[in-house]
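Visitor: here is a sequence with its predicted model. Questions after.
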Amino acid sequence: MSSSVTRRSFMKTAGAATASAYAVTSLPSWASSGDAKGSVVLTPALSAFPYSDVQLLDGPMKRQFEENHARFLNLDDDRMLKVFRQVAGLPAPGEDMGGWYDLEGFSLEHNDFHGFIAGHSFGQYLSALARAYAVTGSEETRAKVNRLVKGYGETLDPKAKFFVDYRLPAYTYDKLSCGLIDAHEFAHDPLAMQIHEKLTHAIVAYLPEKALSRQEQRSRAHKDTSYTWDETYTLPENLFLAYQRSGNVFYREMAKKYLEDDTYFNPLSQGNNVLPFEHAYSHVNAFSSAMQAYITLGSEKHLKAAKNGFEMLQTTQSFATGGWGPNESFGEPGTGQLGNSLSDTHASFETPCGAYGHFKITRYLLRVTKDSKYGDSMERVLYNTILGAWPIQADGTSFYYSDYANTGKKVWYGQKWPCCSGTFPQLAADYHISTYLRSADGVYVNLFAPSKVQWTEGSDHYALTQETKYPFANTVKIRVSASKSADFVIYIRIPSWTSSNAALVVNGQRASEAIQPGSFAAIKRTWSDGDRIELELPMPLRLETVDTNHPNLAALVSGPLVLFAIADSQPSFDRNALLQARAANNSTSDWIAKSADGGEVTMRPFMNIDKENYSTYVLLKS
């Protein structure tokens, strides 16, 4: 596949699933529901707090969560269920959703064909609502989850005929799987796992015998034009989770079958970079399947594959923003593919989907390794990509790509309810489980954001409350609440980009613990109610070139923030002059830099850019 092929254009070549697949009536031998050996289920060193234990306070993360929660809470149930009811032959009231979501056909209203992947994001919307209920305890949200699960279950026959002649069965099943698991786990829906099992047994008839690589799919499509392109290699994560939550080994055995070992995880585990020319988001998403294989099966090979693959992602495929995958594909290292893309495309990073996959894999790796570099990577994507995404509109208009072109601009995606409308609300809910993590001996502060985490030890209650304007300010204040004094450790991430002059102060006294950039500082003491921690992180300006083949294309970075040049064409700078940029004033987050022609250029973080033109990378004259 050419590196210029996007998810949309790639999937448009998909043929229909053959009707003969629907005729399969018996399960393969591996799909027994009986007992089987091989269960491990490891406990990572760090665990996520329950969604309900973390509260986001005023700030952009809270705003995005509340916007997404409100959008999908108020989305009409009948519209969400319509395509499933239509195929089931049931009454299907309500308006069409439009865009990708409808059954394929011609829209008189828009004078265009629609229905790219019918119902594809229903499971993601269900998942996001279940997670939002876990955060808020909103009975209105729980009731909606229950209605949607029940409504979907009423459309599901034993052979899941919805998937007859369906373009991407694994792609949509994976999302339904996630939604049903989350409805059961977080909203305690009594029907969700029964429906999940019924759906999973039926979907086997529409899937290949194993995870197929893109190369294998191209080969099959060449021989059989009816073959369906799909993303079977993303299935194991949710199948392993279904096993952990149900105890049904059918899920575990099915998950093992769809691990893309031969062409992906095996070579990655051996240090071979097989990312080039793969579809970017889905193959990063597959790293989470490798992590679940490690957690569920104890497979060190899959842990190595995920760690190596993520390292390759960062070192060979990533922009300064933390985003990756121009035109939704990975390029060949050493060829200048990232720099070349700045003049070739405006589809630089599939933002909500990519950020969702990025948060998942960094959270998995952080939980297993306790390595702060994964938190550093998470925050870079947070501040430079997803927090700059425009909110989903009532009609399904969505923000899809971040544009890093020589002269870029934020735009709406051209079709309603695309894939990124599904991952955005899931990710916004997951801010709650990414900010803090729990260890056996204490609490890890991973993201710096206005927030509060609380927990109990027996009958005693504890909390940490962050006050900060980070990353627009370099200080973070943490207040301890405790119903009883207790010994535990507070671990605070010290980003690798800061200097050795970072300061950590406890109750007015500089902490004796060593402050090492690129680590978690451990403060072990007897904590009492009212104790205070103050963190100060120097944020030196630095330049990051796009790749080694384009040494004169660089981004200006302050701490975790990329500063985008606001200009109608790509400006040029003297290297030293750019590094002498100054903050504009105390009321904005803008910076001012003197360009090579002597003019002043405003430099602005992505989350504060609206419709103005900008350049992520600027030209260096010396």
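Guide: Okay, I see it.
Visitor: all contacts plus neighbour counts: C-alpha atoms, from now on.
Guide: Fine.
Visitor: could you report the neighbour count for residue 612?
Guide: 11 (other Cα atoms under 10 Å).
Visitor: now swap in residue 331 and tell me
Guide: Neighbours of residue 331 under the rule other Cα under 10 Å: 26.
Visitor: what's the closest non-adjacent residue to it?
Guide: Using Cα to Cα, 6 or more residues apart in numbering and skipping the chain neighbours, the partner closest in space to residue 331 is residue 276 (4.7 Å).
Visitor: please tell me how far that neighbour sits from residue 251.
Guide: Using Cα to Cα, to the nearest Å, residue 276 is found at 31 Å from residue 251.
Visitor: can you check residue 75 too?
Guide: Distance from residue 75 to residue 251, counting by Cα to Cα: 32 Å.
Visitor: which of these two has more residues huddled nearby?
Guide: residue 251 (25 against 15).
Visitor: three-state assignment of that one?
Guide: At residue 251 the chain is in helix, as set by DSSP: H, G, I helix; E, B strand; the rest coil.
Visitor: pretty sure it contacts residue 237?
Guide: No - assessed by Cα atoms under 8 Å, residue 251 is found out of contact with residue 237, at 10.4 Å.
Visitor: could you list the low-confidence segments of this protein?
Guide: Across the chain, residues meeting the criterion (pLDDT under 70) sit at 1-39, 105-113, 224-228, 586.
Visitor: contacting residues around the most centrally placed residue in it?
Guide: Residue closest to the mean C-alpha point of the chain, counted by Cα atoms, centre = their mean, is residue 356 at 0.8 Å. Residues near residue 356 by Cα atoms under 8 Å, 6 or more residues apart in numbering: 423-424, 426-427.
Visitor: from these, which land in helices?
Guide: Residues of the contacts of residue 356 located in helices (DSSP state H): 423-424, 426-427.
Visitor: dump the residues you listed to JSON lines, plus distance to residue 433 and neighbour count.
Guide: Converted to JSON lines, these look like this (distance: Cα to Cα, whole Å; neighbours: other Cα atoms under 10 Å):
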{"residue": "423", "distance to residue 433": "15", "neighbour count": "23"}
{"residue": "424", "distance to residue 433": "15", "neighbour count": "30"}
{"residue": "426", "distance to residue 433": "11", "neighbour count": "25"}
{"residue": "427", "distance to residue 433": "10", "neighbour count": "26"}
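Visitor: ok, of those, which one's closest to residue 601?
Guide: Distance to residue 601, by Cα to Cα, is smallest for residue 424 among those, at 32.1 Å.
Visitor: contact partners for residue 445?
Guide: If a contact means Cα under 8 Å, 6+ apart, then residue 445 has 435-437, 490-493 as its contacts.
Visitor: how about residue 416?
Guide: 98-101, 395-398.
Visitor: in the stretch 451-600 of the chain, which spans are helices?
Guide: 575-578 (DSSP state H, counting those that start in this stretch).
Visitor: repeat for the stretch 151-300 of the chain
Guide: Counting by DSSP H, counting those that start in this stretch, the helices of the stretch 151-300 of the chain are 169-186, 192-203, 214-223, 236-246, 249-257, 266-269, 280-297, 300-316.
Visitor: can you redo those helices as CSV with distance to residue 482?
Guide: Below are the helices of the stretch 151-300 of the chain laid out as CSV (distance: least, Cα to Cα, whole Å):
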stretch, distance to residue 482
helix 169-186, 27
helix 192-203, 38
helix 214-223, 53
helix 236-246, 33
helix 249-257, 42
helix 266-269, 45
helix 280-297, 33
helix 300-316, 37
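Visitor: quick one, which of those helices is nearest to residue 527?
Guide: Of all the helices of the stretch 151-300 of the chain, helix 169-186 sits nearest to residue 527, with 31.6 Å by Cα to Cα.
Visitor: same for the closest one, what does it pack against?
Guide: For helix 169-186, the elements it packs on are helix 122-136, helix 139-155, helix 192-203, helix 236-246, judged by 3 or more Cα pairs under 8 Å, 6 or more residues apart in numbering; DSSP states H and E.
Visitor: ok, residue 471 - contacts?
Guide: Residue 471 neighbours (Cα under 8 Å, 6+ apart): 559-561.
Visitor: so which of the residues you listed are in strands?
Guide: Judged by DSSP state E, strands contain the following of those: residue 561.
Visitor: closest to residue 48 out of the contacts of residue 471?
Guide: Distances from residue 48 to those, taken by Cα to Cα, are shortest for residue 560, at 23.4 Å.
Visitor: wait, a strand at the residue nearest to the centre of the chain?
Guide: No - Residue 356 is assigned helix when assessed by three-state DSSP, not a strand.
Visitor: and it, how far from residue 65?
Guide: 13 Å.
Visitor: for residue 465, same thing?
Guide: Using Cα to Cα, one obtains 19 Å as the distance from residue 465 to residue 65.
Visitor: more neighbours: which of these two?
Guide: Each of residue 465 and residue 65 has its neighbours counted (other Cα under 10 Å); residue 65 has more, 24 against 21.
Visitor: the more buried one is in what secondary structure piece?
Guide: Counting by DSSP states H and E, the element that carries residue 65 is helix 60-73.
Visitor: hmm, who's touching the next helix or strand after that helix?
Guide: As assigned by DSSP H and E, the chain's next helix or strand after helix 60-73 is helix 77-88. By Cα under 8 Å, 6+ apart, the residues outside helix 77-88 that reach it are 91-97, 102-103, 118-119, 122, 144, 147-148, 151-152, 155-157, 161-162.
Visitor: in helix 77-88, what counts as buried?
Guide: By neighbour count on 16 or more other Cα atoms under 10 Å, the buried set for helix 77-88 is 77-85, 87-88.
Visitor: mind putting those residues into TSV with distance to residue 454?
Guide: Output for the buried residues of helix 77-88, formatted as TSV (distance: Cα to Cα, whole Å):
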residue	distance to residue 454
77	34
78	38
79	38
80	35
81	37
82	41
83	42
84	41
85	43
87	46
88	46
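Visitor: ok so, going back, turn the contacts of residue 445 into a markdown table, including distance to residue 597 and neighbour count.
Guide: Formatted as a markdown table, the contacts of residue 445 follow (distance: Cα to Cα, whole Å; neighbours: other Cα under 10 Å):
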| residue | distance to residue 597 | neighbour count |
| --- | --- | --- |
| 435 | 43 | 25 |
| 436 | 46 | 25 |
| 437 | 48 | 25 |
| 490 | 49 | 22 |
| 491 | 47 | 22 |
| 492 | 43 | 22 |
| 493 | 40 | 24 |
